[in-house]
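Colleague: Below is the sequence, then the predicted model.
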Amino acid sequence: MRIILFISAIFICFLTKAQDEKVDIAKGNKFYNQNQFDKALESYAAAIGKNPANLKAVYNSGNATYRLKKYDDAVSNYKEAVNLAENKNQKAEAFHNLGNSYMKNNKLDEAIDAYKDALRLNPTDEETRYNLAYALKKKQNQDKNKKDQNKDQNKDQNKDQNKDDQENKKDENKDNKDKQDQKDQKDQNKDGNKDKKNQPSGMNPKQAEKLLNDVNKADAATKKKADKNDKDKKKKVIVNSKKDW
């Protein structure tokens with residue numbers, strides 16, 4: 001008799017607890033339909049506190065956190081819902097919403113995998129099929145943009161490198177030109193100094209030519225005078241060259 005009463009008490013407590021869970025979920029659904037997602041989440045959390053394995057409470061918590069844009073929390077709820085699901089349809093719906101949560105976080109690879117898992121369980125779900133196609137297209141565009149970006153980046157790097165090489169070559173040519181100009185200037189200065197050394201200081205070509213003519217005339221006069229002196233000497237010798245016997 002005591003055993004029967006004990007079992008009855010346990011059964012009554014279980015029914016009461018299950019009833020409380022349903023009440024919490026019902027309250028949560030009411031708040032959810034009124035777009036009061038914070039309050040809905042509190043009610044679902046109360047149901048989960050009574051029974052962590054309550055699929056409806058966990059799944060609906062995922063919906064509420066999704067609406068609150070808490071996508072990481074939504075991912076956790078939907079993953080748990082996948083584990084708690086009792087049939088393919090429940091599991092497929094959890095995977096579908098899991099994919100939506102990943103999409104909101106721009107985790108395209110994870111979203112694509114989740115949609116594929118949903119379609120494996122429910123191949124006739126056109127909404128999931130559409131979301132998968134959308135995710136694949138977005139992934140394709142993302143990869144293309146990334147590839148183009150890397151291509152443009154490499155192109156800019158090569159352009160900058162070529163520009164640097166051209167600038168370095170230009171600078172090198174300029175340095176070589178400067179060196180050549182310095183050498184030419186040095187040679188010119190050397191030749192100029194040489195010419196200047198050979199020319200009388202402060203004279204133009206006409207003055208130099210006049211001076212040269214004057215020198216030649218002076219040399220001619222000197223030579224003429226010298227020849228005259230020699231002639232006179234010869235005359236004297238001849239005149240006075242008388243031998244004394």
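Modeller: Noted; the coordinates are in hand. Note that the coordinates shown come from a computational prediction; the quantities given were computed from them, not determined experimentally.
Colleague: Just give me the neighbour total for residue 100.
Modeller: 21 (other C-beta atoms under 10 Å). All C-beta atoms are positioned from the backbone trio N, CA, C, and that covers glycine.
Colleague: Thought residue 130 was touching it, still the case?
Modeller: No - judged on C-beta atoms under 8 Å, residue 100 makes no contact with residue 130 at a distance of 11.8 Å.
Colleague: list the buried ones in stretch 122-138?
Modeller: Under the neighbour-count criterion of 16 or more other C-beta atoms under 10 Å, stretch 122-138 has 122, 125, 128, 131-132, 135 buried.
Colleague: my bad, stretch 75-83
Modeller: 75-82.
Colleague: okay, it in PDB with CA atoms only?
Modeller: Provided in PDB are the C-alpha atoms of stretch 75-83 (Å, rounded to 0.1, in the frame of the first residue of the first chain):
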ATOM      1  CA  VAL A  75      23.200  28.200 -32.800                       C
ATOM      2  CA  SER A  76      23.700  26.600 -29.400                       C
ATOM      3  CA  ASN A  77      19.900  26.100 -29.000                       C
ATOM      4  CA  TYR A  78      19.400  24.600 -32.500                       C
ATOM      5  CA  LYS A  79      22.300  22.300 -32.100                       C
ATOM      6  CA  GLU A  80      20.800  21.000 -28.900                       C
ATOM      7  CA  ALA A  81      17.400  20.700 -30.600                       C
ATOM      8  CA  VAL A  82      19.100  18.600 -33.300                       C
ATOM      9  CA  ASN A  83      20.300  16.200 -30.600                       C
END
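Colleague: just to revisit the earlier point, and which of the buried residues of stretch 75-83 is nearest residue 32?
Modeller: residue 77 (13.5 Å; C-beta to C-beta).
Colleague: rewinding a little: so which of the buried residues of stretch 122-138 sit within helices?
Modeller: The members of the buried residues of stretch 122-138 that map onto helices under DSSP state H are 128, 131-132, 135.
Colleague: Farthest pair within these?
Modeller: Farthest-apart pair in these is 128 and 135; separation 10.4 Å (C-beta to C-beta).
Colleague: Now do the shared contacts for these two.
Modeller: Shared contacts of residue 128 and residue 135, defined by C-beta atoms under 8 Å, 6 or more residues apart in numbering, are found at 99, 115.
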